[in-house]
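1. Fold the following.
(one chain, ligands or ions: 1)
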Amino acid sequence: MPLNRLQTLIKSGEKLAMLTCYDATYAKLMELAGTDILLVGDSLGMVLQGAENTLNVSMHHMTYHTKSVAAGAPNTLIVADMPLGSYEHDNEAAYKNAVWLIRSGAHMVKFEGGGAKVETARYLVERGIPVCAHLGFTPQSVNQLGGYKIQGKTPESAQQILADAKAMDDAGVSMIVLEMVPATLAKDITASINAATIGIGAGVHCSGQVLVLQDLIGIYTGPASKQPSDFKSPRFVRNFLKETNSIQEAISAYIKAVKDKSFPAKEHSY
Ligand code: KIV
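-> Residues are numbered from 1 along each chain as shown. Presented below is the predicted three-dimensional model:
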C-alpha cells in the first residue's frame, strides 16, 4: 500500500521525492523511475491550461487528471489538490469533494492555508481521509498575498506559519507542503512536527521535495498570454533535462538529487 511505504520512508529518514503529474504517460514514467509521491496539482491551471494562476481550476478538472494519473501509476502514492472553492466554505462539502478525489484514484488530498482550515483537516482525517496541508506561499491566495512572494520573512509571519504547521500536525495531517519560505523556518517546522514536510523553495532540511514537472524539464515559459522573454523561472527551479539526455533520465536525476540532498542547493533556497 502506497501510504504504508510513505510511513516506512519517513521513519527511515530517507528524503521523499514528489513530482507534479497530470497524465497517465508521465505517471507511468515517474512510477518506473521510483518517484515516491505524485501530486496532481492545481498548477495544471497554469502549466496545462495556460492561465496566469490556479484560480479557475475546478473539481471536474482535478478528478479528470487524477483518474489519468491513477491509471498510469497504480503502485505510487497519489495526492490530489482540492481546487479553490471546493473546501473552504463548509466541512461537509470539503468531505464530499475529498471523497470524489479519492474515488478518482487519489490516496490523499491537499488543500491550502492554516487558521480555519485546521478544523477542515481534522474533520477529513477523523473521517478517514488522509490530508496534506500546504503552508507558506499558497497560490490560491495569490491576490490576497499580493503576488508570488516569499512568506515567513518577518518573525511574526514565521511564528504564524510555525503555529499553523503545529496545529495541522495536531489535527492529524500526514504531510505539509511548505512553499517559498526561508530554509531556516522550514528546518524548525520539520523538527517540531511528526508530519512529513515537503519543500518547494523551502531549503534542503524538509523531509522531501516537490517540483512541477514542466519546471524539471525546463519547458514552462509563463502564461499562454505572455511572451517567454517576459518570464523568469523562480529561484527554486532546476532544469534537470539540461543535465541529462532524456526525460526519463531527468526524472531519475531529480530523484537522486533529492535523496542525496544535493537538491535543493543554497542557490535554490531563500
Ligand atoms: O499545484 C501544485 O503543483 C502545487 C505544488 C507547487 C506544491 O501545489
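2. How much space separates the residue nearest to Ile217 when sequence neighbours are not counted from Tyr254?
-> Closest residue in space to Ile217, ignoring its immediate chain neighbours: Leu241 at 4.4 Å, by CB to CB, 6 or more residues apart in numbering. All C-beta spots, glycine's among them, are computed from the backbone N, C-alpha and C. Look at Leu241 and Tyr254: by CB to CB, to the nearest Å, they are 10 Å apart.
3. neighbour-wise, which of the two wins?
-> Tyr254 (26 against 17; other CB atoms under 10 Å).
4. Might you report the residue contacts of that one?
-> Tyr254 is in contact with 17, 19, 211, 216, 238, 240, 263, counting by CB atoms under 8 Å, 6 or more residues apart in numbering.
5. Now, those that are in helices?
-> Leu216 (DSSP state H).
6. so what's the residue nearest to Ile217 scoring on pLDDT?
-> As predicted, Leu241 sits at a pLDDT of 98.
7. what residues are up against it?
-> With CB under 8 Å, 6+ apart, Leu241 has these contacts: 216-218, 247, 250.
8. if you set the cut-off to 7 Å instead, what comes out?
-> The contact partners of Leu241, taken as CB atoms under 7 Å, 6 or more residues apart in numbering, are 217-218, 247, 250.
9. Next, the contact list for whichever residue of the stretch 1-150 of the chain sits closest to the ligand, please.
-> Taking CB to the nearest ligand atom as the measure, the stretch 1-150 of the chain has Gly41 as its residue closest to the ligand, at 2.2 Å. Contact analysis of Gly41 by CB under 7 Å, 6+ apart lists 20, 81, 212.
10. For the last one, give its distance to Met18.
-> What that stands for is Val212. Taken as CB to CB, the span from Val212 to Met18 is 11 Å.
11. More neighbours: those two, which one.
-> Under the criterion of other CB under 10 Å, the comparison of Val212 against Met18 puts Met18 first, with 27 against 21.
12. starting at the chain centroid, how far to stretch 162-179?
-> Relative to the mean C-alpha coordinate of its chain, stretch 162-179 is positioned 13 Å out (CA atoms, centre = their mean, to the nearest Å).
13. List the buried residues for it?
-> 162, 164-169, 171, 173-179 (16 or more other CB atoms under 10 Å).
14. before we move on, what about stretch 241-255?
-> Neighbour counts over stretch 241-255 (16+ other CB under 10 Å) mark 241, 244, 247, 250-255 as buried.
15. and if you look at stretch 91-107?
-> Neighbour counts using 16+ other CB under 10 Å place 91, 94-95, 97-98, 100-102, 104-107 of stretch 91-107 among the buried residues.
16. what does stretch 30-49 give?
-> Buried, per 16+ other CB under 10 Å, within stretch 30-49: 30-31, 33, 35-47.
17. for Val40, phi and psi?
-> Main-chain torsions, Val40, degrees, to the nearest 10: phi -80, psi 90.
18. just checking, what packs against the lengthiest helix in the chain?
-> Longest helix in the chain by number of residues (criterion: DSSP H): helix 155-170. When contacts are defined as 3 or more CB pairs under 7 Å, 6 or more residues apart in numbering; DSSP states H and E, helix 155-170 sits against helix 117-126, strand 131-136, helix 183-192.
19. Can I get that helix in PDB, CA atoms only?
-> What follows is helix 155-170, C-alpha atoms only, in PDB (Å, rounded to 0.1, in the frame of the first residue of the first chain):
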ATOM      1  CA  PRO A 155       9.500  37.000  12.900                       C
ATOM      2  CA  GLU A 156       5.700  37.400  13.300                       C
ATOM      3  CA  SER A 157       4.800  35.700  10.000                       C
ATOM      4  CA  ALA A 158       7.400  32.900  10.600                       C
ATOM      5  CA  GLN A 159       5.700  32.300  14.000                       C
ATOM      6  CA  GLN A 160       2.300  32.200  12.400                       C
ATOM      7  CA  ILE A 161       3.400  29.600   9.800                       C
ATOM      8  CA  LEU A 162       5.100  27.500  12.500                       C
ATOM      9  CA  ALA A 163       1.900  27.700  14.700                       C
ATOM     10  CA  ASP A 164      -0.200  26.700  11.700                       C
ATOM     11  CA  ALA A 165       2.100  23.700  11.000                       C
ATOM     12  CA  LYS A 166       1.900  22.500  14.600                       C
ATOM     13  CA  ALA A 167      -1.900  22.900  14.600                       C
ATOM     14  CA  MET A 168      -2.200  20.900  11.300                       C
ATOM     15  CA  ASP A 169       0.100  18.300  12.700                       C
ATOM     16  CA  ASP A 170      -2.200  18.100  15.800                       C
END
